[in-house]
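In: can't give you the sequence, but here's the structure:
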């Protein structure tokens, strides 16, 4: 059992605590999720349990030992996997395992059997002698987990093991964690993916160092029972408009597009009829099961409305000035193709990372590029935004070839990387100035647009602040503002909302929707299934080839079966990939 | 059956070995840098002023003047070029084409015929400080030689000595062949071992933090001393390996004499490596920003060892503060010990004194490392 | 074309603002020059002063004692250790208590006074001290020559080889080192500004954003190089002012020649930096790469020991070393007042090297982007 008692951690030079008077108990025999957006204090809490950090005040007790005093004892039964897996890149799979086995003093006689078991479990036995740096992201993660499990620890700490891992690998990680942990083991699994939280037995939900919720994930979802509905019967364009309007409604907690439906959660419990009549002109509303994220948003919204001035800037959507402007449906030709991939192929030596990838994105369309790690999804994405040169084939952005007139093509697209990628020591305005100029906006137009953007994204309050020290949510706004300053016809987003809290994510997607409704073609690559849900079209990449394409609904339809009458997009994804692998094997 | 502690330590050392031989940047520091250093110090740097280009402006065309020119040209120290007049020669000096100009005035032969010592002028480029001193001495020597020969040819008293010439017999002890390489190559070993001990250690620790392996290792039962020894021992041994390589290259490729014993060589190298590795470990323990740590290591392993070893630069010429500071750097003691072992032999009194100084510095660094090391992230 | 120039100018402006608004950037720009300035002008010296010398005087006559006296007044020696036996002399040498030992033999006085005989002294130098020993030997020879030149017996004075030292009559080490100092400071600033720049952007992630913008690889390299050259030129001008007004060393050649050679040199060096930067993924690698290039380039330039002392094949290999040429230019301009023609010749190799390194940097950069 682990007990936090009023545990607070304030880092040197920080203004607010990284962890604020946390009191909680964690029971053995269960997987406990430590859930929250980036900067919530997850890693700090985990590191304090492992004795890697000392609490500023309060204490932590681990199986009766004090985490500060009895560090050595605790570490003798601890399995720990840090964020970057803690693998030695220059050692082979087996050498990594051996090293951790020795460091944890696993008797020599038990090593072989333990290794065989772990290697079998992870499917790494074929790669025993491969250097860790040559493993794919998913394999590294599995190896990291195996290293943490090498002595069957009583306490297992996994710091964001699911980060950057596709749903398929993530599922395998969960299976491993469940099956390898003993009946008395404490497993701590931190994550910023809300859908992962739903898989845990128990959760601690943290936000900005504070504990928002502790308990079973179902209990959090239960908060919003009978308040979540799906409404069908709107066209794609209408859906966006409706969602935008709903998000301004005081009775609505949250509204998102999910496939061909709108998903809404309300402040109070309502009947489907009431919802249908009061809000949707009699369109059919069905009550659906709330999920973990609905509960989280509900807590955030109620606490945000309690606080007059939200001093937490990561929870940004609260203030009205930052709400996206509403311009409904500009007029444009919906059939005009903006982005086109024509037989895009990339080879690295003998290895074909992407092979004859083809798709096209029309104006106003949000297009998702999905696929497991190392499948060629990022390669295709990078080729399309000009970061990689295709070996053969070509990509076009509104008719300009990336191969022949690359600069012309790049002028027409806006790009936002997963990591904050503007100049951290320049202010928001200086960044906008630079990129506005580089994209050829003349002085007056540039000034006008920058002024607009500073208001629109509420960045004025940080004028003069180096953008590297902006809060996460604002960094993301600035990145989007910069990517769209030159009114690109295509917007390329690389896992744009990983690690941000759900409110900021909602706000972000509303803005992206807005751009789409003005006729911008949007290309997204992501591991997040709920990001994928925003897309109009999804292409699935596997083994460097496109194996499926369709609307989220159509893909789900393909996965529908007797065992799975109501598949999620994740189910569809996993099924399609497994099927794809089987046919691959059959051909081989 | 090994004790658990010892087994963990062995595992750490073994891992470190595997890492070094598979990581290109470690290989670079451990093997490429030493070769570059040896190369530069062995071939690139030299204080041996031989075949210095000088210009001779012959205003006198008599045979004695020619003989005078020949005296300069004949020594291995000078390559003499001929200039018809003074101003051409002076311009060549200003343009850096020659290092010195000897001007032979038009009454040169005449004066000699009269039985007097003729005068001549030597203009020396003062911008190469030491070279100018050496060139001056060579020129004076060449002039003296010329006069002595003339005197002998014409009968000893035919020419009155121009100045009471004093013959200076110079012997370069420990380096009879006068190859500065013999002292520069041993001096470069200081830099090599310092870079392996300090820079490499800091780089590998920095990488462990970056990749999260340090965090993962800390979370195992590994203790503070195992952590320190796990880094110290492999790089200490690697340093000894490099020392061996350096000695072999110095002796067989650069033909530097090795007059001392291997015992003395390895003993001093060991003490120095303890200090260098201690320095590296201390830097990476105290400074957690790894980009900064590696920059500090780079600078602190190179600059002080470069300057305070006294191999290329004169410690005696530094201001008092710096001269005092130089006593705090092991390089000062190690460089002269190495040069002694190579060129003199086992001068134990000298070596033991120096080793004691390095040892004292090493223990300060290591104790500080032990005190500063925490098994936490902060 | 116009668009392209505008983009490059914007990039240059961004680079300059970014470096200036970054505290680390400012430190990198200003601390190394100051530190090096202090270090080189005071600490690093190959001058032979403050030395200790042992003298074994076996001559009982007047001349031996007077020769000793003339050694004692020399500023080169800090201390003269009187030894009485060869054993003592050997031990003083071996333990490095002295750098040289002088033996004045028994017959020294007698030989001085007998015409036709040349008096002899023996000097034993510590061969371990490569730099000091050679120079000290030279000094002893000069002192002996000067001692001999003071008339003892009837001689015609004003005769003999009259030595004059040009450009640096008092043999001040600082003057001799000055061009090297200016050169190294320029080199360090240029290399540091450029070598980490791309690697740093890669680490920050801002590189991708830059690459997907309409800026072409060539424009990026030009912008990066130009802004680095601008920054390094500023520091070069500051150093020049410091040298001219601080040390009172006038610029002996035309200013345009200084500026032109500096610009060419900095371009060459900075493109090497960009090349290193474009092949490294982290700043740490870039720093290491920088280190692999800079010390060899400086040491094989004639900075520490003259190029002409190197073996011939190595002298040949230093031809593409830009530091070597810039050092010749600076020595010509700052100390010797060389003719414009002789300096202008050095601009040819500098320009060739700059063109080559620029092409390499641009090529590597473009390749790494694909």
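Out: Done, it's in. Quick caveat: nothing in here was measured; it's all calculated off a predicted structure. Numbering: from 1, shown residues only, chains lettered A, B, ... in the order given.
In: Okay, the residue located most distally from the centre of chain C and chain B: tell me how far apart.
Out: Among residues of chain C, the one most distant from the C-alpha centroid is residue C:114; the distance is 47.5 Å, by C-alpha atoms, centre = their mean. According to C-beta to the nearest C-beta, to the nearest Å, residue C:114 and chain B sit 11 Å apart. Every C-beta, even on glycine, is put in place using the N, C-alpha and C of the backbone.
In: same deal with residue A:40?
Out: As defined by C-beta to the nearest C-beta, residue A:40 lies at a distance of 18 Å from chain B.
In: Spell out the secondary structure type for the residue nearest to that residue when sequence neighbours are not counted.
Out: Nearest in space to residue A:40, with sequence neighbours left out and distances taken as C-beta to C-beta, 6 or more residues apart in numbering or on different chains, is residue A:206 at 4.1 Å. Under DSSP: H, G, I helix; E, B strand; the rest coil, residue A:206 falls in the strand class.
In: just residue C:290 next, same as before
Out: Of the three states, residue C:290 takes helix under three-state DSSP.
In: From what I see, residue A:204 and residue A:211 are in contact.
Out: Yes. Between residue A:204 and residue A:211 a contact is recorded at 6.2 Å, counting by C-beta atoms under 8 Å.
In: Pull the contacting residues for the residue nearest to residue A:40.
Out: The neighbourhood of residue A:206, defined by C-beta atoms under 8 Å, 6 or more residues apart in numbering or on different chains, consists of A:19, A:22, A:34, A:35, A:36, A:40, A:41, A:42, A:45, A:212.
In: Using a markdown table, please lay out the residues you listed together with secondary structure and pLDDT.
Out: Rendered in a markdown table, the data for the contacts of residue A:206 read as follows (DSSP: H, G, I helix; E, B strand; the rest coil; pLDDT from 0 to 100):
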| residue | secondary structure | pLDDT |
| --- | --- | --- |
| A:19 | strand | 92 |
| A:22 | strand | 92 |
| A:34 | strand | 94 |
| A:35 | strand | 92 |
| A:36 | coil | 90 |
| A:40 | coil | 88 |
| A:41 | coil | 90 |
| A:42 | helix | 92 |
| A:45 | helix | 94 |
| A:212 | strand | 91 |
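In: ok, back up a step: who has more neighbours, residue A:204 and residue A:211?
Out: The neighbour comparison of residue A:204 against residue A:211 (other C-beta atoms under 10 Å in any protein chain shown) goes to residue A:204, with 27 against 20.
In: Let me know the pLDDT of that one.
Out: At residue A:204 the predicted local distance difference test score is 94.
In: ok, now how distant is it from chain B?
Out: Note on residue A:204: its distance to chain B, by C-beta to the nearest C-beta, is 20 Å.
In: what sits against that residue?
Out: With contact taken as C-beta under 8 Å, 6+ apart, residue A:204 is in contact with A:24, A:26, A:32, A:33, A:34, A:35, A:45, A:211, A:213, A:214.
In: how near is residue C:369 to chain A?
Out: Going from residue C:369 to chain A by C-beta to the nearest C-beta gives 8 Å.
In: how about the residues of the stretch 151-300 of chain A that lie near chain B?
Out: Counting by C-beta under 8 Å from any C-beta of the partner chain, the residues of the stretch 151-300 of chain A lying close to chain B are residue A:157.
In: where exactly do the helices run in the stretch 151-300 of chain A?
Out: Under the criterion DSSP state H, counting those that start in this stretch, the stretch 151-300 of chain A carries helices at the ranges A:167-180, A:194-197, A:217-222, A:236-246, A:272-279, A:292-306.
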